[in-house]
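Participant: only geometry, no sequence info:
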């Protein structure tokens, strides 16, 4: 069949993609049987070749439907470059049979799909996997026991650990959980239903996140709360049996399948992407990290992401000489791209110390002094601005408004006389007073770049939970912050924010608390 008009229009909106090599045809709604007899609907896109010709196959397994934008972004765009492309709806979504159970059926259903694929006359034995987010999770589920036909993978903004998505260092990622749940529940129903649900959530978000029970408030506002959301919120312990078998990080260990990992510096899944890359064997991996969030990788970054993905897949599935391993990252603060010999590159850990006067310097303040006290009021929680998230306000933002609040500690260095390049994982080594006035507290730390106009742009951040301690001795707390590649330019200043939370990105504490930040606390920057 000829491509639907909607797919052809959507394909034309994808600017910067290479010129088509083939016209594209497709077979819609192919019923692919699973091991238990359930049939999953699958759309097949393929080059309309004028004569006999073999093409490799790409498999995309999706809980988000098979239409917009996947039909254009993966189906049409890759088929016109010389690939068979299968876009399959996960069970219980977009007309596929069975019951949708996130993280449970991807492995068995992926293997059953491959069994069906082997019986197709057009399948020549060369298989690649591609797709973002939950579709990347489906890739790792199949790669955990890689079939011999699997020759290449491209994981876009990838997830492998559901618990790590919902819970960040002991703190529930409230806003991301609600947005992701809405997408999974409605995107496969079509753009109109998805857009309507997204607008309804945006309208009700403030009311939901300030409720005594946000999950129940979400159910009231959206009609229901699916079992996977209530289950995720109710099981904060990663060792709980609820999460058994859902963490697929081991799938990358020694994986002989060449894999390209694509993420963004403010992607909600950045840390998981870097974990995956780090576990893949040298010689079988490449890394691309751009100036993107989880969603803008397919908006502002679509041309770059597609070009790199196409080169990787074509090189390992079709070309006689595969592409070389590379690490390519966008360098924040400059707009440049940087090719690195490894990730992370060699760097020197440099400590910057908060001082009571609000300064941030290389020398530690006198011992037994307090740099400041973080105070948190649940009736007026410290708001979140920008950062690694799914919301429309995620990404790099001016932090001036939040830094003016009296519940946010701000420490700023002097104007730099020369550039400072920070590439790698940033951490805050905090020494805090354990008497917090509550059973537990949260500590949020953010690194910012203050430009010559005084605008404060977030670079990376992290959050952790602190449990009250009656010993009265200062407690050392490490706040793991996401990795970055950023160049602080001459004349700019390095800034650190410390607060009791970032709401609604993270669930706010229900009790007021205070945290005294003691001398010796430092933010450690990997300086190249």
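Facilitator: In hand now; what should we look at? What you see is a predicted model, and the numbers here were worked out from it, not measured in a lab.

Participant: residue 137 in helix, strand or coil?
Facilitator: Assigned state for residue 137: helix (three-state reduction, DSSP: H, G, I helix; E, B strand; the rest coil).

Participant: OK, contacts around it?
Facilitator: Residues near residue 137 by Cβ atoms under 8 Å, 6 or more residues apart in numbering: 103, 106, 158, 159, 160, 162, 248. Every residue, glycine included, has its C-beta placed from N, CA and C.

Participant: remind me which residues of the stretch 251-400 of the chain are low pLDDT?
Facilitator: Residues of the stretch 251-400 of the chain meeting the criterion pLDDT under 70: none.

Participant: for the chain, what's the longest helix?
Facilitator: Longest helix in the chain, counting residues (DSSP state H): helix 191-209.

Participant: among the contacts of residue 137, which two are most distant?
Facilitator: Greatest spacing in the contacts of residue 137, by Cβ to Cβ: 103 and 158 (13.8 Å).

Participant: so between those two, which is more surrounded?
Facilitator: Shown here are residue 103 and residue 158; by other Cβ atoms under 10 Å, residue 158 has more neighbours (30 against 20).

Participant: touching, that one and residue 130? I think so.
Facilitator: No - look at residue 158 against residue 130 with Cβ atoms under 8 Å: they stay out of range, at 10.9 Å.

Participant: in strands, which of the contacts of residue 137 appear?
Facilitator: residue 158 (DSSP state E).

Participant: nearest to residue 285, of the contacts of residue 137?
Facilitator: Distances from residue 285 to the contacts of residue 137, taken by Cβ to Cβ, are shortest for residue 158, at 12.5 Å.

Participant: which stretches of the protein form helices?
Facilitator: 5-12, 70, 77-79, 106-117, 133-143, 162-166, 174-186, 191-209, 214-222, 227-234, 270-279, 302-317, 400-403.

Participant: adding distance to residue 514, write those helices out as a markdown table.
Facilitator: Putting the helices of the chain into a markdown table (distance: least, Cβ to Cβ, whole Å) gives the following:
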| stretch | distance to residue 514 |
| --- | --- |
| helix 5-12 | 52 |
| helix 70 | 48 |
| helix 77-79 | 53 |
| helix 106-117 | 45 |
| helix 133-143 | 38 |
| helix 162-166 | 28 |
| helix 174-186 | 22 |
| helix 191-209 | 23 |
| helix 214-222 | 24 |
| helix 227-234 | 27 |
| helix 270-279 | 29 |
| helix 302-317 | 44 |
| helix 400-403 | 18 |
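
Participant: least reliable of the ones you listed going by mean pLDDT?
Facilitator: Ranked on mean pLDDT, the bottom entry among the helices of the chain is helix 5-12, at a mean of 90.

Participant: just the buried residues of that helix, please?
Facilitator: Neighbour counts over helix 5-12 (16 or more other Cβ atoms under 10 Å) mark 7, 10, 11 as buried.

Participant: one step back: so for residue 158 and residue 130, which residues contact both of them?
Facilitator: The contact sets of residue 158 and residue 130 overlap at residue 139 (Cβ under 8 Å, 6+ apart).
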